[in-house]
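**Q** need coordinates for the following:
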Amino acid sequence: MMRAIWNGATIAESDDTVQVEGNHYFPLGAVAEGYLQESDTHTVCSWKGTASYFDVVVGGQTNPDAAWYYPDPMAGAESVAGRVAFWHGVQVEATAGASQ
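**A** Residues are numbered from 1 along each chain as shown. Coordinates of the predicted model:
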């Protein structure tokens with residue numbers, strides 16, 4: 001089981017993550033409600049497509065663009081469809097007794 005934690009809150013937790021380029025992509029349904037807010041940021045990956053971002057908001061503090069997802073991944077990157085990954089200080093770790 002993997003979990004994503006920021007500012008003392010568990011943002012996402014799942015035993016169904018997909019690891020791509022060292023990042024764990026969590027199913028969107030595994031994200032706790034209320035912690036993600038849409039961002040206007042978009043970037044382009046040459047093989048995954050256009051990424052959209054979320055700000056992570058916990059306890060009145062905002063971590064801008066700390067989560068990203070691919071709403072329409074390119075062919076060959078379908079494994080990240082419907083999933084979100086984290087960075088910018090969000091800790092992604094295995095829960096006790098879980099393997100990565």
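**Q** low-confidence regions, this protein specifically.
**A** Within the chain, the set of residues satisfying pLDDT under 70 comprises 97-100.
**Q** ok, now which ones touch the residue nearest the centre of it?
**A** Centroid-nearest residue in the chain: residue 85, 2.2 Å away (criterion: Cα atoms, centre = their mean). Residue 85 is in contact with 20, 23-26, 67-69, counting by Cβ atoms under 8 Å, 6 or more residues apart in numbering. Every residue, glycine included, has its C-beta placed from N, CA and C.
**Q** output the helix or strand where residue 26 lies as CSV, nothing but the C-alphas.
**A** Here residue 26, judged by DSSP states H and E, is contained in strand 23-27. Extracted C-alpha coordinates of strand 23-27, given in CSV (Å, rounded to 0.1, in the frame of the first residue of the first chain):
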residue,chain,number,x,y,z
ASN,A,23,6.7,8.4,-9.7
HIS,A,24,3.7,6.5,-8.2
TYR,A,25,0.5,7.3,-10.0
PHE,A,26,-2.6,6.8,-7.7
PRO,A,27,-6.1,6.2,-9.0
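**Q** quick one: strands adjacent to whichever helix or strand comes after it?
**A** Toward the C-terminus, strand 23-27 is succeeded by strand 36-45 as the next helix or strand (DSSP H and E). If you go by DSSP bridges, strand 36-45 pairs up with strand 49-58 (antiparallel).
**Q** quick check, distance from the strand it pairs with to the centre of its chain.
**A** Chain-centre distance of strand 49-58: 8 Å, with Cα atoms, centre = their mean, to the nearest Å.
**Q** ok, now stretch 83-100?
**A** For stretch 83-100, the distance to the chain centre is 9 Å (Cα atoms, centre = their mean).
**Q** re the thing from before, three-state assignment of the residue nearest to the centre of the chain?
**A** Put simply, residue 85 is strand when judged by DSSP: H, G, I helix; E, B strand; the rest coil.
**Q** what bridges to it?
**A** Residues in beta-bridge contact with residue 85 (DSSP bridges): residue 68.
**Q** kind regards, and thank you for your time.
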